Every structure is written in structure tokens, then in C-alpha cells.
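Novice: my questions are about this predicted structure, shown below with the sequence.
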Amino acid sequence: MTAPENFPTSLPRVECLIQNGLKSRILMPADPAYAARIDSYWCNSAKLRPSCIVQPRSADDVSKAVVALAKANQPLAVRSGGHTNWAGSNNITDGVTIDLGLLNSTRYDDTNQTAHIGSGGKWKHVYAELEKHGRTVAGGREAEVGVGGFLLGGGNNFYASRYGLACDCVIAYEVVLADGSIVTAKADEHTDLFRALKGGGNNFGIVTCFTMSTIPSGPIWGGLALHPLDIFPAGIKTVVDFTTNNATDPDSSMQFVVGYQPRFGGGVCITIANNMAAVEKPPLLQAALALPEIMSNYKTTTLQEVLTYSSLPPNYYNIWFTLTIKNDASILVKAAELHNQMTKELQAGIPDQDFTSHVAFQPLPRLFVERSHATNASGNVLGLEQNTSDAILIQACASVRTAELEAWARPKVRALVDEVRAFASNIEGGVVPWVYLNYAHSSQEVLQSYGPENIRRLREASSKYDPEGIFQRLCPGGFKISALKN
């Protein structure tokens, strides 16, 4: 698309981009394509109104944009897939949003069985392209999630029991730094940056391409089952036992959800279970499969179909908080009970019942850490090795229709997580300090949870690769090193 002759240049942030050769890459608020890109954000909270959107078509375009905005001291945001839900995480009011959506190619290299994946891609498209070559990667578990944000936040995935977190399956990053230089960070080149990007978010530059190791693809077995709400104590026991024994079957994965889902009839429990080697009804999942069901769709299927099972509907205001706790059934039962209480409050305050809510319990065994280290000897900055026991990752969520309801419901979700934390703190080792970036609310202390040594690594990498603090001062979205007090 070519910008019209009467293209507005009065705003300094627009003018600086034009002067750096990006006129044809800019979308202004009056442009229908601008409205389409804003509407394409998954969460309404993220649908802010930047002064303009710039859509680079190459790493060189990204470099030009960063240099122009840094020189003009203009605020910016970076968008990958547009799935992060909190306001300001991947968009900005009155600044410039660098929208990586056109950097969405996936290229398979048969010589070394790697995939070169554009930061603006979505996992459903990545998997579809790699499937043509009989390969896949340890990527996102939901179709619409973007590549960049998911990988920079760590990346829980279907293959974590075999290969660890997704960030540890990245073997190289193409990164645009604050001075516009384009570097490759890998195990033997810019090693400190390579490590910092594995969980460090957008503190150091803009990643334009990820090179990942691939694994053979093929059919998988799995699906989901709906259960009556009152079976949640038994369901919780299945996920606790699974987490304890995950090492006996690293091809299987599961999560257990207690939720209010109108599309499923209201209050419900959900088991999502898979075996990535296509073993039907594997022994480790037998207890979960024996739970009373309303319905289930377990079968031998494809990864693409399984991606849809954990999808939440778009165009809501989504409130997410997260907490990591010891693999202890009593803590999970408490969380489920608190969720059910919260649901009653939401039902009373939202007469049309147009909302969803849930607490999801996801295994986080020590096995994941061991497999991450085996896959990536260089390490990451997540600090999960601090955890001495198997854990459960909790995601607490409410999705509502209006900004007013979001402001009303947010304290309720926060209170749920705070009360679970207080309960768990009375159990030895009950609260695990790690906070998962990709599920965290903007108010949560993510980087702090990585531990002092990793905070030091993050600070040193930021000072080295962004000495002027461009991504600290001008890019407010994300969890910032500059916000750390110690």
C-alpha cells in the first residue's frame, strides 16, 4: 500500500518515520487498514489508539523505525501476534505501534532441521507450514497466540516434558538493537543476549526472527472432557498425581480447569489431555479419563485441531493473574473454591451472564527444568532451577464485555490469587516464587521472581545492548528492568 499524497506529516513521530524512508509502511487512524489492525487485537483492553502504526516488511524496516523513533525521542510499542491482554503491553496511546504482523513467514531448513520463524507469525500458521515437511516445534498451545511474545516470555508447551520450555528450543535470535544494528544472538555469539532473551521480554531490542530446532510431527492423541462442577476435588487429584509422575510418560500432558463457561452450560470442570506420540489413553492419563463426563472428544487427531480446545473468545476485556504453587492438592482445592465464590459475585453483578471465568491448573514439574537444561546448555533467565519441588502453575481469569466491568471485576480476580497465596504460605514450600510472564497481570512482579543472579544478567545485558535505555524509556509495554527497585 502506498501512502496518499496528502499524507499528514505534522506529528513529529510520523514525520521522523517518513524521513527515514517508511512512508509506505505507515497506517494512519483514518486508514481502514489501521482500524482493521486495531480490531484484530484479541483483547479489547489492548485496542488502544496509537498516532500511527508502522508495518515493517523486513528487519531493515524495523531498524529504520527504531532509529527514527529513538532519535526523535518518541514513545513506541511492539506488537507480535496481539494476544497479550493488558493495556499497553503491545500497543500504545498516541505513540507509534511497530506492528510485526507482516514478518510472519516460516521457513524450514532441511540441512539442519531448523525452522526460521518470523516474530509476527501465529502458531497455527507456523505449524501448518512445518507440517508440509513432516516437522513441528515446541510452540504455543493456542492457535491465535503470536510467536514473539510467547517465546520471549518462556513458552509453556505440549512438549515441555521432553524438551523443556519453548524458549530453550530457540537456537538463534535475529534482533534489532536500539541503535538500529541487526545482530544474531546464539550460544556462541552475543551469548549474554542469547540467554537474556530466554524469558527477558522486550527489554533489549526487537526480535524479528527466531530459529528453532524442530521435531518430527505426526498424529497425536488427545482432546478435552467436560465434567460436572462438583467433581473438582477428584479432578484436582488427577492433575496433582500427573505432575508427580510426569517423568514416567514425557509424551503426555494435561491441565485441569474449573470454570464458568456459558458455551458449555455454565459452571463446569474441563480436562485437556494429550499424548504427542499418539498413544491412545496412555496409563498416566487413566485417572483423568475415568472422571465422570458430560462429554468428551478424545481421539487420534492433529495438533491443529487440539489448538482450538483451549481458545477463549475474542473481543472481551480479559483479566489475567497468575501464581505458582507447590504441587499440593489442598492449595488447588482452595483455589477452586475461591473461584466458585468469585463466579457467584460475577453472576450477581452481570445480569446478562455474558462473561467467562476460570482457574486453570497446569503441571510445572522439576522435569521441565531438567529438560530445558538438557536442550539448552546455555541456560535462560527464568530462574526455575530455584524451585526445589514439583509445582503447579495457576492461571486465574475473568473475561467481561466492557471497560467498566473490567475495572469492577479486576480486584476480584486479584483477591482470588492473593487469598490462594496466603493459604499456600501456611504450607511449607507452598508458594513458589516464580511468576510466568505470559500469564501475568501488569502489576505482578515477574522479573523479580527470576532471582538476584538473573536480575543481574538482565541488567548487564540491557546496559550493554541498549546503553541509552531506549527500550526502557520509550517502550513502556512489558515488564521492565528499569522498574526493578533493587
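Specialist: The structure has been received and is ready for your questions. Not measured: the values here are computed from a predicted model. Residues are numbered from 1 along each chain as shown.

Novice: helices of the stretch 1-150 of the chain, start to end?
Specialist: Listed from the start of the chain, the stretch 1-150 of the chain has helices (DSSP state H, counting those that start in this stretch) covering 12-19, 32-39, 59-71, 123-131, 147-152.

Novice: let me have those in CSV, adding mean pLDDT and mean neighbour count as columns.
Specialist: Where you see a C-beta, it was placed from the backbone N, CA and C, and this is true even at glycine. Compiled in CSV, the helices of the stretch 1-150 of the chain are given as follows (pLDDT from 0 to 100; neighbours: other C-beta atoms under 10 Å):
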stretch, mean pLDDT, mean neighbour count
helix 12-19, 94, 18
helix 32-39, 98, 14
helix 59-71, 98, 21
helix 123-131, 97, 19
helix 147-152, 98, 27
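
Novice: quick one: closest of these to P314.
Specialist: Closest approach to P314 among those (C-beta to C-beta): helix 32-39, 9.4 Å.

Novice: got the contact list for the closest one?
Specialist: Residues lying outside helix 32-39 but in contact with it, judged by C-beta atoms under 8 Å, 6 or more residues apart in numbering, are 1, 27-29, 47-49, 52-53, 55, 91, 99, 101.

Novice: gap between P250 and G164?
Specialist: P250 is 11 Å from G164, where distance means C-beta to C-beta, to the nearest Å.

Novice: quick one, which of the two is more surrounded?
Specialist: Taking neighbours as other C-beta atoms under 10 Å, P250 and G164 compare with G164 leading, 26 against 17.

Novice: list the contacts of that one.
Specialist: Contacts of G164 were listed using C-beta under 8 Å, 6+ apart, and they are 138, 368-376.

Novice: which stretches of the stretch 251-400 of the chain form strands?
Specialist: 252-261, 266-275, 295-296, 299-301, 317-326, 356-364, 391-400 (DSSP state E, counting those that start in this stretch).

Novice: turn the ones you listed into a markdown table, including mean neighbour count and mean pLDDT.
Specialist: Formatted as a markdown table, the entries for the strands of the stretch 251-400 of the chain read as follows, by neighbours: other C-beta atoms under 10 Å; pLDDT from 0 to 100:
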| stretch | mean neighbour count | mean pLDDT |
| --- | --- | --- |
| strand 252-261 | 24 | 97 |
| strand 266-275 | 22 | 97 |
| strand 295-296 | 12 | 96 |
| strand 299-301 | 14 | 97 |
| strand 317-326 | 24 | 98 |
| strand 356-364 | 24 | 98 |
| strand 391-400 | 24 | 98 |
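
Novice: what's the closest of those strands to W86?
Specialist: Relative to W86, the nearest member of those by C-beta to C-beta is strand 317-326, separated by 7.6 Å.

Novice: tell me what the closest one is packed against?
Specialist: When contacts are defined as 3 or more C-beta pairs under 8 Å, 6 or more residues apart in numbering; DSSP states H and E, strand 317-326 packs onto strand 391-400, helix 403-424, strand 431-432.

Novice: relative to N104, how far out is the nearest residue to E406 once chain neighbours are set aside?
Specialist: Using C-beta to C-beta, 6 or more residues apart in numbering and skipping residues adjacent in sequence, the residue nearest E406 is Y317, 3.8 Å away. Here Y317 is placed at a distance of 26 Å from N104 (C-beta to C-beta).

Novice: got it, and E419?
Specialist: Plainly put, E419 is 41 Å away from N104 if you go by C-beta to C-beta.

Novice: likewise L177?
Specialist: From L177 across to N104, the span is 22 Å (C-beta to C-beta).

Novice: swap in I231?
Specialist: Using C-beta to C-beta, one obtains 41 Å as the distance from I231 to N104.

Novice: give me the below-cutoff pLDDT ranges for the chain.
Specialist: By pLDDT under 70, the low-scoring segments of the chain are 1-10, 486.

Novice: and the helices in the stretch 151-300 of the chain, which stretches?
Specialist: Taking DSSP H, counting those that start in this stretch as the criterion, the stretch 151-300 of the chain contains helices spanning 160-163, 191-196, 232-245, 286-289.

Novice: check contacts around the residue nearest to F232 when sequence neighbours are not counted.
Specialist: Taking C-beta to C-beta, 6+ apart as the measure, F232 lies nearest to A336, with 4.8 Å between them; neighbours along the chain are not counted. The contact partners of A336, by C-beta under 8 Å, 6+ apart, come to 232-233, 236, 258, 359.

Novice: out of those residues, who's nearest A187?
Specialist: Looking across those and measuring by C-beta to C-beta, the closest to A187 is V359, at 37.7 Å.

Novice: my read is that the closest one contacts N340, right?
Specialist: No: between V359 and N340 no contact is recorded; they are 9.3 Å apart, counting by C-beta atoms under 8 Å.

Novice: which neighbours do those two share?
Specialist: Here V359 and N340 share the contacting residues V258, scored by C-beta under 8 Å, 6+ apart.

Novice: wait, which of the contacts of helix 32-39 is closest to P219?
Specialist: Within the contacts of helix 32-39, the smallest distance to P219 is 30.8 Å, found for G101 (C-beta to C-beta).
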